[in-house]
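In: Below are the sequence and a predicted model for it; my questions follow.
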Amino acid sequence: MSKHGKILVAMSGGIDSTVAAVMLREEGYEVVGITMKTWDYQNSGGSKKETGCCSLDSINDARSISVQYGIHHMILDIRSEFGDYVIDNFVEEYLAGRTPNPCVLCNTHIKWEALLKRANQLDCEFIATGHYAQIRNENNRYVISKGLDEHKDQSYVLWGLSQESLARTRFPLGGFHKANIKQMAIDRGFTELAKKSESYEICFVPDNDYRGFLKRRVDGLEERVDGGNFVTRDGKILGKHKGYPFYTVGQRKGLEIALGEPMFVLEIQPESNTVVLGREEELQRKGMWVRNLNMQKFESIEKPIEALTKVRYKDAGTFSLIEQHENRMMVNFYSNVKGIAPGQSAVFYDGNDVIGGGWIQSSFDL
């Protein structure tokens with residue numbers, strides 16, 4: 001009988017999930033490793049060699065280390081669920097003129113659901129991942145807080161997890177710096193794993209060319225949207241673009257239009273295939289609306305409170321006043337924020353704790 005019970009660990013074959021599994025094994029858990037096959041890159045038509053968590057090399061790495069440590073390992077094929085939900089949403093969001101956040105969607109609706117379902121089948125009390133985040137129970141609420149390593153913190157992509165999911169989740173790496181994890185890997189003989197490069201690309205777009213992915217995914221898209229107008233905020237036509245889905249709010253590079261000064265995408269209007277351009281200062285916004293909230297630290301917010309709000313993964317955050325309106329949050333920033341993109345995640349922090357998050361609906365000026 002194991003010291004701490006049975007735990008299901010998501011093992012991608014990378015250094016973080018590997019060390020997480022080994023740490024839990026050494027702590028006395030009965031560890032079951034699971035590698036989720038979410039995507040076949042060969043089906044995307046991209047030119048880059050298959051890499052990342054779904055590649056055969058990564059699956060073999062996870063299996064090899066599991067055998068070495070006596071960890072029962074299995075592969076879970078969730079390609080159909082992943083494709084139907086995450087990839088279809090990814091395409092639909094771009095076609096709606098928004099900028100999607102597929103990793104958050106996958107964590108919330110695919111990976112955790114798949115892990116918990118399999119954990120129940122295997123009588124595992126807990127699940128664990130290699131995310132750099134921390135979790136605790138406070139006032140009968142499960143609260144995610146930032147990982148100790150600010151540069152690796154992944155709390156931003158975990159805002160969508162429910163209280164039921166968090167109650168059974170463990171993040172073994174949350175209290176460590178990445179350098180410590182690399183050293184742990186080396187100390188245990190995983191030298192090659194410690195040297196393995198990490199991918200920060202979307203798993204199903206490993207060549208990082210989302211425009212090419214959309215063209216291959218949607219028949220006739222390029223011809224359908226080509227030739228729309230670049231315009232100013234007041235409607236002045238500046239030139240032609242290659243189709244509104246191929247641009248994102250805040251984009252400067254790749255516009256392929258010479259206007260004598262740097263111009264940025266301010267807004268995307270899918271109904272008319274129009275992309276609004278302007279100067280960098282025109283990207284500044286004072287507030288925004290956030291929809292489809294998931295609250296973590298508090299069940300709800302009865303009156304406006306101060307929070308640090310992040311509008312993208314690498315955003316340092318901006319202090320703001322947040323006010324909940326049923327399943328939406330009105331955010332008033334204390335200082336202007338640049339490049340708020342509808343479709344991205346907004347996450348609210350109380351110190352290091354995640355208050356909750358949602359999807360950016362729209363931005364506004366007061």
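Out: Perfect, thanks for sending it. Numbers count the residues shown, from 1 in each chain.
In: going forward, measure contacts between C-alpha atoms and count neighbours the same way
Out: OK.
In: does the closest residue to residue 313 other than its chain neighbours count as helix, strand or coil?
Out: Spatially, and ignoring its direct neighbours in sequence, residue 313 is nearest to residue 156 (6.2 Å; Cα to Cα, 6 or more residues apart in numbering). Assigned state for residue 156: helix (three-state reduction, DSSP: H, G, I helix; E, B strand; the rest coil).
In: just residue 103 next, same as before
Out: For residue 103, the secondary structure call by three-state DSSP comes out as helix.
In: mind listing what it touches?
Out: Neighbour list for residue 103: 157, 202 [criterion: Cα atoms under 8 Å, 6 or more residues apart in numbering].
In: Likewise for residue 27?
Out: For residue 27, the contacting residues are 3-4, by Cα under 8 Å, 6+ apart.
In: ok, it to residue 126 distance?
Out: Per Cα to Cα, to the nearest Å, residue 27 is found 14 Å from residue 126.
In: sorry, back to before: distance of the residue nearest to residue 313 from residue 9?
Out: If you measure residue 156 against residue 9 using Cα to Cα, the figure is 21 Å.
In: which of the two has more neighbours?
Out: It is residue 9, of residue 156 and residue 9, that has more neighbours when counted by other Cα atoms under 10 Å, with 29 against 26.
In: how close does that one get to residue 293?
Out: Distance from residue 9 to residue 293, counting by Cα to Cα: 28 Å.
In: ditto for residue 183
Out: 38 Å.
In: which one of the two has more residues nearby?
Out: In terms of neighbours (other Cα under 10 Å), residue 293 is the more surrounded of residue 183 and residue 293; the figures are 22 against 14.
In: I'd guessed that one sits against residue 359; true?
Out: Yes. The criterion here is Cα atoms under 8 Å, and residue 293 meets it with residue 359 at 7.4 Å.
In: where are the low-confidence patches of the protein?
Out: Applying pLDDT under 70 to the chain picks out residues 1-2, 41-55, 199-200, 366.
In: how does it look with 50?
Out: 1, 47, 49-51 (pLDDT under 50).
In: domains for it, by residue range?
Out: According to automatic domain parsing, the chain is divided into the following domains: 6-130+172-195, 219-278, 284-364.
In: Distance across the shortest one, terminal residue to terminal residue?
Out: The reference is to domain 219-278. Terminal-residue distance, domain 219-278 (Cα to Cα): 31 Å.
In: What is the helix or strand where residue 265 lies packed up against?
Out: Using DSSP states H and E, residue 265 sits in strand 264-269. Strand 264-269 sits against strand 274-278, with contacts defined as 3 or more Cα pairs under 8 Å, 6 or more residues apart in numbering; DSSP states H and E.
In: Can you mark which positions in the helix or strand following the strand it packs on are buried?
Out: Next in sequence after strand 274-278, counting helices and strands by DSSP H and E, comes strand 284-295. Taking 16 or more other Cα atoms under 10 Å as the basis for neighbour counts, the residues of strand 284-295 that come out buried are 284-291, 293-295.
In: from the residues you listed, which is closest to residue 77?
Out: Taking Cα to Cα as the measure, residue 77 lies nearest residue 294 of the buried residues of strand 284-295, at 27.7 Å.
In: Isn't that closest one up against residue 162?
Out: Yes. Distance between residue 294 and residue 162: 7.4 Å, which falls inside the contact criterion (Cα under 8 Å).
In: ok, now which ones touch residue 34?
Out: Contacts of residue 34 were listed using Cα under 8 Å, 6+ apart, and they are 8-11, 73-76.
In: Now it: which helix or strand?
Out: strand 30-37.
In: do the same with residue 300
Out: Counting by DSSP H and E, there is no helix or strand that carries residue 300.
In: Excluding sequence neighbours, find me the nearest residue to it.
Out: By the measure of Cα to Cα, 6+ apart, the closest residue to residue 300 outside its immediate chain neighbours is residue 324, 7.5 Å from it.
In: Confirm that that neighbour sits in a strand.
Out: Yes. Assessed with three-state DSSP, residue 324 lies in a strand.
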